[in-house]
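make a model of this:
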Amino acid sequence: MKSKLTAILLCFFLGGFGIHRFYLGYTLIGVIQLLTFGGFLIWVIVDFVRLITGSLKDSDGNDLV
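As a prediction, this is how the structure comes out:
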């Protein structure tokens, strides 16, 4: 199980590089975010909100702890 706090911190500080997506197991989306600087930071903001609300799960479909 992945840590919700770790994912939120990675998204906040390194979200433009897609590091939080790599952490959650979404390698392809992480690479896309890395190449587009997090979708010009729009994707990062959406992911940050989804992490806080709990609607973003890891790649296996598990809730974050």
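
residue boundaries of the helices in this structure?
4-14, 19-24, 27-35, 37-40, 42-53 (DSSP state H).

nearest to residue 62, of those?
Proximity to residue 62 (C-beta to C-beta) singles out helix 19-24 among these, at 9.7 Å. Where C-beta positions appear, they are placed from N, C-alpha and C, glycine not excepted.

helices or strands up against that closest one?
Judged by 3 or more C-beta pairs under 8 Å, 6 or more residues apart in numbering; DSSP states H and E, helix 19-24 is in contact with helix 4-14, helix 27-35, helix 42-53.

ok, 10 Å please
Judged by 3 or more C-beta pairs under 10 Å, 6 or more residues apart in numbering; DSSP states H and E, helix 19-24 is in contact with helix 4-14, helix 27-35, helix 37-40, helix 42-53.

looking at the helices of the chain, which is closest to residue 60?
Between the helices of the chain, helix 19-24 lies closest to residue 60; by C-beta to C-beta that is 9.4 Å.

let me see the mean pLDDT of that closest one.
Averaged across helix 19-24, pLDDT comes to 98.

name the residues that touch it?
Applying C-beta atoms under 10 Å, 6 or more residues apart in numbering, the contact partners of helix 19-24 are 2-3, 6-15, 26-34, 38, 43-44, 47-48, 51, 56-60, 62, 64.

for this protein, name the helix or strand with the lowest mean pLDDT.
helix 37-40 (a mean of 92; mean pLDDT, DSSP states H and E).
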